[in-house]
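coords below, sequence missing:
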Ligand SMILES: C[S@@+](CC[C@H](N)C(=O)[O-])C[C@H]1O[C@@H](n2cnc3c(N)ncnc32)[C@H](O)[C@@H]1O
């Protein structure tokens, strides 16, 4: 989830969305250097207090040249300003209404540098396991979430990786910002088509998939 931070040179700007109890936060803090800025957006006040007390205040004292800002607010309207090189998102989208998921991704892409990277994850097989115990509406919601994830990955040169070392096993998804997605498409020979026609087709498909959601 945090691997790409180390490969960026110069002062980095990193955003973590939904840090919760802070497992990714700890890994991010270990990678930060003087001049970097790290912002966290967490909706839950108790998690915010805990993150501040257990991780952030001590880190700020030890690393006064790293700018660390915690926003206790929903990412949809948190007072954060981009652009960020990397966004690490721990939100459990399979529990979210599809409309909120789309709103959150729109906000995150608006905050991401065109050459940046957005990473999120889900537990492997979660939709397959949840489907049978959900009603018809619940299954339709999971289907829309799955379709939206696929359309994001098509449009943003998504890469996925199964992490068996995690318990339960998880899948990480890396999405590229606008420029990085275009560069990736042209390197892979799908160049102009992926950068323009295919992006348009993907948004058309996404609109069709989510009509009425
Ligand atoms: C799966 S949990 C935490 C993940 C974290 N990696 C962990 O293991 O503790 C997701 C977190 O996102 C937060 N969250 C949910 N909706 C949010 C939103 N709209 N904006 C910001 N944070 C949100 C929750 O409060 C929760 O702490």
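Noted; the coordinates are in hand. Owing to the predicted nature of the structure, the values given are computational and were not obtained by experimental measurement. Numbering: from 1, shown residues only.

is stretch 29-41 up against the ligand anywhere?
Yes: for a cut-off given as Cβ under 6 Å from any ligand atom, stretch 29-41 has contacts with the ligand, namely residue 41. The way it works is simple: take the backbone N, C-alpha and C, and place the C-beta from them, glycine included.

Spit out the contact partners of the residue positioned nearest the centre of the chain.
The centroid of the chain falls nearest to residue 89 when counting by Cα atoms, centre = their mean (3.5 Å). In this structure, residue 89 makes contact with 16-18, 108, 118-120, judged by Cβ atoms under 8 Å, 6 or more residues apart in numbering.

so which of the residues you listed also contact the ligand?
When contact is defined as Cβ under 6 Å from any ligand atom, those meet the ligand at 17-18.

and the contacts of residue 89, which of them are in strands?
Under the assignment DSSP state E, the contacts of residue 89 contribute 16-17, 118-120 to strands.

Out of these, which is nearest to the ligand?
Proximity of these to the ligand, judged by Cβ to the nearest ligand atom, is greatest for residue 17, which lies at 5.6 Å.

Burial check on the closest residue in space to residue 181 that isn't next to it in sequence, number of neighbours?
The shortest distance from residue 181 to any residue other than its chain neighbours is 4.3 Å, reached at residue 157 (Cβ to Cβ, 6 or more residues apart in numbering). Per other Cβ atoms under 10 Å, the neighbour tally for residue 157 reads 21.

Residue 157: what secondary structure?
Residue 157 carries the three-state label coil when classified by DSSP: H, G, I helix; E, B strand; the rest coil.

what about it, distance to residue 180?
According to Cβ to Cβ, to the nearest Å, residue 157 stands 7 Å off from residue 180.

how near is residue 177 to residue 120?
Taking Cβ to Cβ as the measure, residue 177 falls 14 Å from residue 120.
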